[in-house]
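Visitor: Sequence and predicted structure below; questions after.
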Amino acid sequence: MIRHFLRDDDLSPAEQATVLELAARMKADRFRYQPLTGPRSVAVLFDKQSLRTRTSFDVGIAELGGHPLIVDTQGTHFGRGETLADAARALSRYVAAIVLRTYGDDRIAELATGASVPVVNALTDGYHPCQLLADLLTVRERFGGTAGRTLAYVGDAANNMANSYLLAGATAGMHVRVAGPVGFSADPVVVARAAEIAVGTGGSVSVLTDPAEAVKGADVIATDTWTSMGQEDDGLDRITPFLPYQVNAELLAQAAPGAIVLHCLPAHRGEEITDEVLDGPQSAVFDQAENRLHAQKALLTFLIEATTLAPDAAAP
Ligand code: CP
Ligand code: NVA
């Protein structure tokens, strides 16, 4: 069986915990684990811009003993008729895994249909599951675990980060509260799936519109840009409805004492988050950015080993 990571719930709660534990061990002993020595190569493809994802996969694959192939897809045949499934068939003959950042989730799903190696979602319009592994590793480091902790995500509740907080947070046994303005509220299908997962993990899911209610007593306050990649020209007012959702000192004061603040970055300072909070003592955002590296090294190791070691992997 080929193990892909297209959405946060492609890892079971036990598997997510395994990956986070491995990530913590890899962080503590950074150059010890080299499962890609050979080297085996990993292709990392970008239809959209990136700083952290690009560099953390590049560095992480090298640290695992592998060879990173970082590809901007404008230089490939993606835009001129080659199907993503055919591209995946070809790439699978060269590499141990394929990582893709793209627009629609249908695109990464199509890539996965042609792949005979693991496919990893490095951000789509729908989800950002690698980011969530880093966020959960950060929560684990700061609080000793994730289960039972309350996470409040405020801002654009209709975007990829909101969806991933719902699914991954529920998988981690957290109480996830999501609050956004009317017109930018959470996808009910994703909320229902997260609620289903939470039944088995002891977590919970709440959909709110009041940012203060969402943040009240929470351990983790998270936000994200109000304008995601690809939404720049969608004609919507992406400032006015969001202003009450800004993570500032006043909102943060409603959280639990000792609460931490997360932001996947890049931040739009003065919009979704103030300088005072981003640079303040409760901000964990640069630990969170570092943790992309460790979490993705663990994820790639888990997926490649799970695929290679699966009983049917050697079938002709
Ligand atoms: N957080 C994140 O994915 O950052 P980049 O867009 O810079 O990769
Ligand atoms: N929601 C943002 C996340 C960037 C890492 C976007 O998709 O642009």
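Guide: That came through fine. Ligands and ions are numbered 1, 2, ... in the order given.
Visitor: Please, where are all the helices along the chain?
Guide: For the chain, the helices defined by DSSP state H occupy 13-28, 52-63, 84-91, 105-114, 129-143, 160-171, 188-201, 211-215, 249-252, 275-278, 285-309.
Visitor: Compare these and give me the one nearest residue 122.
Guide: When the helices of the chain are compared by CB to CB, helix 52-63 sits nearest residue 122, at 5.0 Å. In short, each C-beta sits where N, CA and C put it, glycine included.
Visitor: what sits up against that closest one?
Guide: Identification of contacts with helix 52-63 by CB atoms under 8 Å, 6 or more residues apart in numbering yields 30-31, 34, 36, 42, 44, 46, 67-68, 70, 99, 101, 122-123, 130, 265, 289, 292-294, 296-297, 300.
Visitor: Turn the helices of the chain into a markdown table, including mean pLDDT.
Guide: Output for these, formatted as a markdown table (pLDDT from 0 to 100):
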| stretch | mean pLDDT |
| --- | --- |
| helix 13-28 | 98 |
| helix 52-63 | 98 |
| helix 84-91 | 97 |
| helix 105-114 | 98 |
| helix 129-143 | 99 |
| helix 160-171 | 99 |
| helix 188-201 | 98 |
| helix 211-215 | 98 |
| helix 249-252 | 98 |
| helix 275-278 | 98 |
| helix 285-309 | 96 |
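Visitor: Can you lay out those helices as a markdown table showing distance to ligand 2 and mean neighbour count?
Guide: Converted to a markdown table, the helices of the chain look like this (distance: least, CB to the nearest ligand atom, whole Å; neighbours: other CB atoms under 10 Å):
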| stretch | distance to ligand 2 | mean neighbour count |
| --- | --- | --- |
| helix 13-28 | 19 | 18 |
| helix 52-63 | 7 | 20 |
| helix 84-91 | 19 | 18 |
| helix 105-114 | 12 | 19 |
| helix 129-143 | 7 | 24 |
| helix 160-171 | 5 | 28 |
| helix 188-201 | 14 | 17 |
| helix 211-215 | 18 | 21 |
| helix 249-252 | 20 | 16 |
| helix 275-278 | 15 | 17 |
| helix 285-309 | 10 | 21 |
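Visitor: Next, the contact list for the residue of the stretch 151-300 of the chain found nearest ligand 1, please.
Guide: With CB to the nearest ligand atom, the shortest gap between the stretch 151-300 of the chain and ligand 1 falls at residue 264, namely 3.9 Å. Applying CB under 8 Å, 6+ apart, we find residue 264 in contact with 128, 131, 135, 161, 224, 288.
Visitor: My read is that residue 295 contacts residue 19, right?
Guide: Yes. In terms of CB atoms under 8 Å, residue 295 counts as a neighbour of residue 19; the distance is 7.2 Å.
Visitor: hey, what's in contact with both of those two?
Guide: residue 133.
Visitor: which parts of this protein sit against ligand 1?
Guide: Taking CB under 6 Å from any ligand atom, the part of the chain that reaches ligand 1 is made up of 50, 51, 52, 53, 123, 131, 264, 265, 266.
Visitor: Now distance to residue 198 too, for those, in a markdown table please.
Guide: Listed next are the residues of the chain next to ligand 1 as a markdown table, based on distance: CB to CB, whole Å:
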| residue | distance to residue 198 |
| --- | --- |
| 50 | 31 |
| 51 | 33 |
| 52 | 28 |
| 53 | 28 |
| 123 | 24 |
| 131 | 20 |
| 264 | 22 |
| 265 | 27 |
| 266 | 30 |
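Visitor: what's the neighbour count on the closest residue to residue 121 other than its chain neighbours?
Guide: Nearest residue to residue 121 in three dimensions, chain neighbours excluded: residue 6, at 4.9 Å (CB to CB, 6 or more residues apart in numbering). Other residues lying near residue 6 total 19 when counted by other CB atoms under 10 Å.
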